[in-house]
Structures are given as C-alpha cells and as structure tokens.
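Undergrad: Return a 3D structure for these sequence lines:
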Amino acid sequence: MRLKRSTKAVNRSLEMVKYSIALVLWERKLIPEFIT
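TA: This is a model prediction of the structure:
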C-alpha cells in the first residue's frame with residue numbers, strides 16, 4: 001500500500017514537471033526571440 005501511494009505521488013510530481021516543461025517549450029515556440 002505504501003509503495004503504491006508513493007508511486008502515485010511521484011507520478012503526480014512527474015506530471016507537474018512535464019507540464020511545466022511543456023509550457024516553457026510552448027512559450028518558446030510562440031516567442032522564438034527568447035531562444036536566441
């Protein structure tokens with residue numbers, strides 16, 4: 001039970017990280033000026 005709960009928490013954190021990275025990449029695509 002503890003392992004399953006911990007894995008769920010890790011999955012949630014990973015999803016948040018992926019979401020934040022996706023936002024950054026999306027913003028870079030919208031505003032290519034910040035890339036250079």
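
Undergrad: middle-most residue in this structure, spatially?
TA: With distances taken as C-alpha atoms, centre = their mean, residue 18 lies nearest the centre of the chain, 1.9 Å away.

Undergrad: got a pLDDT number for residue 21?
TA: For residue 21, the pLDDT comes out at 89.

Undergrad: quick one: what helix or strand has it in it?
TA: Taking DSSP states H and E as the criterion, residue 21 maps to helix 2-30.

Undergrad: by contact count, what packs against that helix?
TA: Packing partners of helix 2-30 (3 or more C-beta pairs under 8 Å, 6 or more residues apart in numbering; DSSP states H and E): none among the helices and strands. The way it works is simple: take the backbone N, C-alpha and C, and place the C-beta from them, glycine included.

Undergrad: Near residue 25, how many other residues are there?
TA: When neighbours are defined as other C-beta atoms under 10 Å, residue 25 has 10 of them.

Undergrad: Do you know the pLDDT at it?
TA: Value listed for residue 25 in the pLDDT field: 85.

Undergrad: Compute the distance between it and residue 10, please.
TA: Taking C-beta to C-beta, to the nearest Å as the measure, residue 25 falls 22 Å from residue 10.

Undergrad: Residue 22 too?
TA: Taken as C-beta to C-beta, the span from residue 22 to residue 10 is 18 Å.

Undergrad: before we move on, what about residue 2?
TA: Taking C-beta to C-beta, one finds residue 2 at 12 Å from residue 10.

Undergrad: between the two, which one's more packed in?
TA: residue 10 (10 against 6).
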